[in-house]
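1. Any chance you can model this:
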Amino acid sequence: MIQMIEEETKLKKYLQRNIEDAGVSINTDSKLLPSEYIGIKVDDYYRGQHRKVTPKAVDFIVSVDCSCGWYVLYILELKGISSPGSSKAIREKFDTVVNQFMQKDFSDIFLNDRFKYRKIFLYLVTTAYKRAVELGNYDKYMEIRARLKNRDSLLTDDALANKPYKFRGKYYYIQKEVPPNPLIRKIT
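-> As a prediction, the model looks like this:
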């Protein structure tokens, strides 16, 4: 898969191994060789198409070679902001990438039967939750927040709006995390 991505002429200028945008950087496992992963700067790809209306898209798709035709995909929206923002706008970005980029524009790569997925992660990585950044983990932050507030209508609305994405017969949800998480790594 990585070789196909690197050889795709439409993607060449959007390939990166440094996973960083909007002042947010994601770490890669120190054991992971540069030849074992590649990031596609999806939002830059769509901006480079010079369409009348540029589709909103997440920042990166990172493909990690786990060997023997198995891969992990990280679909990442990186937000260096002070407030979480609209869940509708975030969903629109993931919609474009999962439904258009992966299943139509580059289906020959992402829907190719030769490639199997160990796991696909959809992440919104944001600095909007200052306390979560201090703790270094969004889930720990949510545990503390749940204890402090039993009813948070915004979180309830967000959970209800978080419909799963279907890709190759499986369902995936957007997860929230704080930088430098998640760690880009192989899964064996």
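
2. Which of the helices and strands in this structure ranks last by mean pLDDT?
-> helix 153-161 (a mean of 51; mean pLDDT, DSSP states H and E).

3. helices or strands up against the next helix or strand after that helix?
-> Counting by DSSP states H and E, the next helix or strand C-terminal to helix 153-161 is strand 165-167. Applying 3 or more CB pairs under 8 Å, 6 or more residues apart in numbering; DSSP states H and E, we find strand 165-167 packed against strand 170-172. For glycine as for every other residue, the C-beta is placed from the backbone atoms N, C-alpha and C.

4. what packs against the strand it packs on?
-> strand 116-126, strand 165-167.

5. What lies in contact with the helix or strand that that strand is followed by?
-> The helix or strand immediately downstream of strand 170-172 is strand 174-177, counting by DSSP H and E. Applying CB atoms under 8 Å, 6 or more residues apart in numbering, the set of residues contacting strand 174-177 from outside is 90-91, 94, 121-126, 129, 137-138, 162, 165.

6. can you give me the strands in the chain?
-> With strands called from DSSP state E, the chain shows them at 15-16, 20-21, 24-25, 37-41, 60-67, 70-79, 116-126, 165-167, 170-172, 174-177.

7. mind giving me CSV with the ones you listed and columns for mean pLDDT?
-> CSV is the format used below for those (pLDDT from 0 to 100):
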stretch, mean pLDDT
strand 15-16, 98
strand 20-21, 94
strand 24-25, 90
strand 37-41, 98
strand 60-67, 97
strand 70-79, 96
strand 116-126, 94
strand 165-167, 94
strand 170-172, 95
strand 174-177, 88
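
8. wait, which of these is closest to Lys104?
-> strand 165-167 (12.3 Å; CB to CB).

9. So what touches that closest one?
-> Contacts for strand 165-167 (CB under 8 Å, 6+ apart): Phe94, Asp95, Val98, Asn99, Met102, Gln103, Ile120, Leu122, Tyr171, Tyr172, Tyr173, Ile174.

10. For Lys31, give its distance to Tyr71.
-> 17 Å (CB to CB, to the nearest Å).

11. Next: Pro164.
-> 20 Å.

12. just Arg114 next, same as before
-> Distance from Arg114 to Tyr71, counting by CB to CB: 10 Å.

13. How many residues are close by Trp70?
-> Residues near Trp70, counting by other CB atoms under 10 Å, number 17.

14. Surely it touches Lys119?
-> No. Applying CB atoms under 8 Å as the test, Trp70 and Lys119 come out as separate, 9.6 Å apart.
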